[in-house]
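Visitor: when you get a sec, could you give me coordinates for this:
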Amino acid sequence: MSFPLLDSIGLFLMLSGFIIGLGAVTVIDIHGFLGRTSSYWTEATTRTHKVTKPMIWAGIFLSIVGGVIFYRNQPFAGIPAAHALIVVALLFNGYFLSCKVSPFLLARESEGKSGELLPSAWQHKIMVSLIVSDIGWWGGLVLLVVYLTSRLS
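Guide: Predicted coordinates for the structure are as follows:
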């Protein structure tokens with residue numbers, strides 16, 4: 001029996017991406033949820049997102065590289081295709097958060113308003129985005145577990 005080195009590397013990178021990305025998403029989501037009604041947590045969210053944003057992008061990058069390696073010999077159907085769709089959704093969502101929400105938060109911080117609650121329109125958009133993040137990251141992890149356990153049988 002040969003050791004599947006490339007498969008192991010791919011799976012390791014993919015799981016590393018999930019650990020880093022999902023961990024960062026969980027941290028910022030909790031902050032964002034608490035910041036809906038608290039000026040303290042609104043300011044904490046603004047500060048925390050400076051750390052979690054690059055970690056989320058690193059997680060996406062590692063998951064993509066790992067997935068490409070891990071699924072390289074698999075047909076682009078079923079769970080590999082679902083993972084690809086999830087990545088596309090996370091990329092669009094990440095673009096919105098990084099290029100729309102983050103500059104908005106940083107501008108408010110430079111104006112000395114980082115402790116003020118966000119306008120309800122922004123809160124709604126951010127909440128939808130956080131839900132997309134959670135469903136994407138947790139759903140992707142569940143699909144990976146299903147894929148791996150189905151290969152064991």
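
Visitor: which residues touch the spatially closest residue to residue 69 that is not a sequence neighbour?
Guide: Computed as CB to CB, 6 or more residues apart in numbering, the closest residue to residue 69 that is not its neighbour in sequence is residue 10, at 3.1 Å. For the C-beta atoms, the positions are set from N, CA and C on the backbone; glycine is no exception. With contacts defined as CB atoms under 8 Å, 6 or more residues apart in numbering, residue 10 is in contact with 66, 67, 68, 69, 70, 71, 72.

Visitor: same question for the helix or strand hosting residue 10, mean pLDDT?
Guide: Residue 10 belongs to helix 5-34 when elements are defined using DSSP states H and E. Here helix 5-34 scores 95 as its mean pLDDT.

Visitor: likewise for stretch 89-101?
Guide: Here stretch 89-101 scores 95 as its mean pLDDT.

Visitor: just give me how far it sits from the chain centre.
Guide: Relative to its chain's centre, stretch 89-101 lies at 10 Å (CA atoms, centre = their mean, to the nearest Å).

Visitor: that stretch: which residues count as buried?
Guide: 90, 93, 94, 96, 97, 101 (16 or more other CB atoms under 10 Å).

Visitor: from residue 63, how far out is the closest residue to residue 34 other than its chain neighbours?
Guide: Nearest residue to residue 34, sequence neighbours excluded (CB to CB, 6+ apart): residue 41, at 3.8 Å. The gap separating residue 41 from residue 63 is 28 Å, by CB to CB, to the nearest Å.

Visitor: neighbour-wise, which of these two wins?
Guide: Taking neighbours as other CB atoms under 10 Å, residue 41 and residue 63 compare with residue 63 leading, 29 against 19.

Visitor: what packs against the helix or strand where the more buried one lies?
Guide: Residue 63 is located in helix 39-70, with elements delineated by DSSP H and E. Contacts defined by 3 or more CB pairs under 8 Å, 6 or more residues apart in numbering; DSSP states H and E place helix 39-70 against helix 5-34, helix 79-96, helix 102-110.

Visitor: reformat the ones you listed as TSV; add distance to residue 150.
Guide: Formatted as TSV, these follow (distance: least, CB to CB, whole Å):
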stretch	distance to residue 150
helix 5-34	14
helix 79-96	8
helix 102-110	38
